[in-house]
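> Sharing a sequence plus its predicted fold:
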Amino acid sequence: MTRVAIALGSNLGDRLGNLRAAVAALEEVGVAVVRRSFAWETPPVPADQPPFLNAAVLGETSLPPAPLLAALKGIEHALGRRPGRRWGPRPIDLDILFYGDLHLETPDLTIPHPRIAERAFVLAPLSEILEGPLPVLGTSALHLLERTGLQGARRLCAL
Ligand code: ATP
Ligand code: CA
Ligand code: CA
């Protein structure tokens, strides 16, 4: 089993319901969720769309990275996500943040997720579930968050 961290985001439809449905679906595809952050409301980037709810979970899985990504895409599709513009509005977005201490760069999958360190909407929930140094990056989410600032993210409610 490998410890994985997954980021969740939603800014269409029942945002909290979408996040909760995605966590339930993770269990279905073989990710045992062991920790979950609160839901955070965050300003959208780019700004011309509704605000997001973001969260992060820690899980244990025996799925290898590529099948895990395929499973996440299957959950996104099941929750109504269809191809749209890059960084556009979506009912659900599921990203692999970390996969054990794996460092992977392929055309379809980069681990750790390459934009963690600059995104308060990832770091704030991540700091609630991973306290120590982050895999590969070697520094804590809280430390990185001190550099970015909260960027308007606010802690909303339990997932
Ligand atoms: P961002 O990656 O900046 O958060 P996004 O989540 O909006 O953007 P998507 O359109 O959801 O981007 O995904 C584009 C592609 O990114 C996916 O089809 C997938 O192949 C690839 N990808 C690369 N690394 C990862 C990762 N760690 N987690 C999820 N998808 C990834
Ligand atoms: Ca994303
Ligand atoms: Ca994504």
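Nice, I can see it. Residues are numbered from 1 along each chain as shown. Ligands and ions are numbered 1, 2, ... in the order given.
> Render the CA-only coordinates of stretch 87-95 in CSV, please.
The C-alpha coordinates for stretch 87-95 follow below in CSV (Å, rounded to 0.1, in the frame of the first residue of the first chain):
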residue,chain,number,x,y,z
TRP,A,87,-8.6,26.0,-15.7
GLY,A,88,-12.3,26.6,-16.5
PRO,A,89,-15.3,25.8,-14.2
ARG,A,90,-15.8,22.2,-13.3
PRO,A,91,-18.0,20.1,-10.9
ILE,A,92,-15.0,18.2,-9.8
ASP,A,93,-11.2,18.2,-10.2
LEU,A,94,-9.1,15.5,-8.7
ASP,A,95,-5.3,15.8,-8.8
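> buried set for it?
Of all the residues in stretch 87-95, those buried under the rule 16 or more other C-beta atoms under 10 Å are 89-95. Every C-beta, even on glycine, is put in place using the N, C-alpha and C of the backbone.
> Give me the contact status of that stretch with ligand 1.
Yes - interface with ligand 1: stretch 87-95 contributes 87, 93, 95 (C-beta under 6 Å from any ligand atom).
> Please apply the same query to stretch 101-118.
Yes - contact of stretch 101-118 with ligand 1 (C-beta under 6 Å from any ligand atom) involves 108-111, 113, 115.
> residues making contact with that stretch?
Applying C-beta atoms under 8 Å, 6 or more residues apart in numbering, the external contacts of stretch 101-118 come out as 2, 7, 65-66, 69, 95-99, 122-123, 126, 134-137, 144, 147-148.
> quick one: the helices in the protein?
Applying DSSP state H to the chain gives helices spanning 15-29, 65-78, 120-129, 141-148.
> What's the per-residue pLDDT of the closest residue to residue 6 other than its chain neighbours here?
Spatial nearest neighbour of residue 6, excluding adjacent residues (C-beta to C-beta, 6 or more residues apart in numbering): residue 57 at 5.4 Å. Predicted confidence (pLDDT) for residue 57: 98.
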